[in-house]
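Undergrad: The following block contains a protein sequence and its predicted model.
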Amino acid sequence: MNKELFSYLFVIIALLTGALYYNNTIQSPIISSLNAIKISYHNINQSIKNNFNEHFFQVATIQDLRQDLLKYENNHLVMQELTSQIHDLYQENHSPLKLETNVELVRTISYEKFGNFNRLWIEIPDYNGSKIYGLVYKELVAGIVISKNGRPLALLNQDIKSAYAVYIGNKNAPGIVHGNNDDLLIVNFIPAWFKIQKGDEVLTSGLDNIFIKGLKVGRILSVTSAQGYQNAVIEPYYKSNEPSYFHMIRSIR
């Protein structure tokens with residue numbers, strides 16, 4: 001009798017687990033509730049840390065430094081775009097110059113699923129799920145943000161569905177980089193007439209309306225040819241050791 005009861009309970013648990021894992025209708029409200037709890041936990045935790053710091057240090061100094069840090073990160077990305085556009089301006093003569101980059105700090109909530117460290121739920125106020133956003137960590141490209149079930153989901157560089165446009169080397173060879181569920185990234189559709197070498201740097205091109213031009217992605221490790229194009233394996237600069245905070249590019253020029 002005990003064995004039959006155990007078998008019965010095991011089958012029920014297995015069916016329930018499968019339903020939660022594969023059924024978005026069941027999964028969606030549960031994830032929403034869990035994410036709300038996690039956001040509250042993060043807010044309380046951050047509030048305690050801030051109150052502790054402000055108690056032992058000068059309140060005005062800490063608040064000023066926080067604001068300065070946010071401004072620095074935002075302005076540094078804007079300056080990166082400005083540098084790229086000035087370079088193009090000198091080359092093309094009378095090229096229009098316009099900057100409308102909007103960058104904001106975003107916080108991670110949790111991994112989407114246990115065992116997959118390339119996907120993270122992100123807390124984004126006033127989220128617009130109709131767009132894809134670029135994710136940056138200290139000038140390095142970290143991945144993209146997409147909408148899943150109406151909520152912002154970060155796909156880090158190594159995720160196979162994280163893809164964006166890049167330039168390679170001094171000749172700005174175009175390509176599309178994507179993850180490979182591995183430590184390394186792949187660049188596809190590089191035109192065959194460009195000479196690509198090991199050690200060439202890979203930067204964002206800005207042509208995908210996701211990233212500004214000139215953000216660092218990685219360096220070439222190897223190159224192969226297939227069907228009239230070249231493919232390259234690159235080692236990314238960004239290593240997702242502590243994915244707590246990122247800067248998200250909400251809009252570009």
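TA: Looks like it came in fine.

Undergrad: what are the phi and psi angles of the residue lying closest to residue 181 once chain neighbours are set aside?
TA: In space, and not counting its chain neighbours, residue 181 is closest to residue 160: 5.4 Å by CB to CB, 6 or more residues apart in numbering. Every C-beta, even on glycine, is put in place using the N, C-alpha and C of the backbone. Reported as degrees, to the nearest 10, the phi and psi values for residue 160 are phi -70, psi -20.

Undergrad: ok, residue 160 touching residue 182?
TA: No - Residue 160 is not in contact with residue 182 according to CB atoms under 8 Å; the separation is 9.3 Å.

Undergrad: tell me the contacts of residue 158?
TA: 118, 179-183, 185, 236, 240 (CB atoms under 8 Å, 6 or more residues apart in numbering).

Undergrad: Next one: it, what pLDDT does it get?
TA: Per-residue pLDDT puts residue 158 at 95.

Undergrad: Next: residue 166.
TA: Looking at residue 166, the pLDDT reads 98.

Undergrad: what do you get for residue 148?
TA: 93.

Undergrad: Can you give me the neighbour number for it?
TA: Neighbourhood size, residue 148 [other CB atoms under 10 Å]: 15.

Undergrad: check contacts around it.
TA: So residue 148 contacts residue 112 (CB under 8 Å, 6+ apart).

Undergrad: Quickly list what it is bridged to.
TA: residue 151 (DSSP bridges).

Undergrad: still on that earlier bit, now do the contacts for the residue nearest to residue 181.
TA: 178-181.

Undergrad: now these: which count as buried?
TA: 178-179 (16 or more other CB atoms under 10 Å).

Undergrad: Any chance of the contacts of residue 160 in CSV with pLDDT, distance to residue 215 and secondary structure as columns?
TA: Formatted as CSV, these follow (pLDDT from 0 to 100; distance: CB to CB, whole Å; DSSP: H, G, I helix; E, B strand; the rest coil):
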residue, pLDDT, distance to residue 215, secondary structure
178, 96, 16, strand
179, 95, 16, strand
180, 92, 20, coil
181, 89, 22, coil
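
Undergrad: Determine which two of the contacts of residue 160 are furthest apart.
TA: Greatest spatial distance among the contacts of residue 160 (CB to CB): 178 and 181, at 10.2 Å.

Undergrad: thinking again about what came up before, which of the contacts of residue 158 sit farthest apart?
TA: That would be 180 and 240, which, of those, are the farthest apart (CB to CB) at 14.5 Å.

Undergrad: so which helix or strand takes in residue 84?
TA: In this assignment (DSSP states H and E), residue 84 forms part of helix 59-92.

Undergrad: what number of residues lie near residue 200?
TA: 21.

Undergrad: ok, which stretches of this structure are helices?
TA: 2-22, 24-56, 59-92 (DSSP state H).

Undergrad: need the least confident one among those helices, by mean pLDDT.
TA: Of all those, the minimum mean pLDDT falls on helix 2-22 (a mean of 58).

Undergrad: my guess is residue 243 contacts residue 108, does it?
TA: Yes - using CB under 8 Å, residue 243 is in contact with residue 108, at 5.5 Å.

Undergrad: Comparing these two, which residue is more hemmed in?
TA: Higher neighbour count among residue 243 and residue 108: residue 243, with 20 against 17, using other CB under 10 Å.
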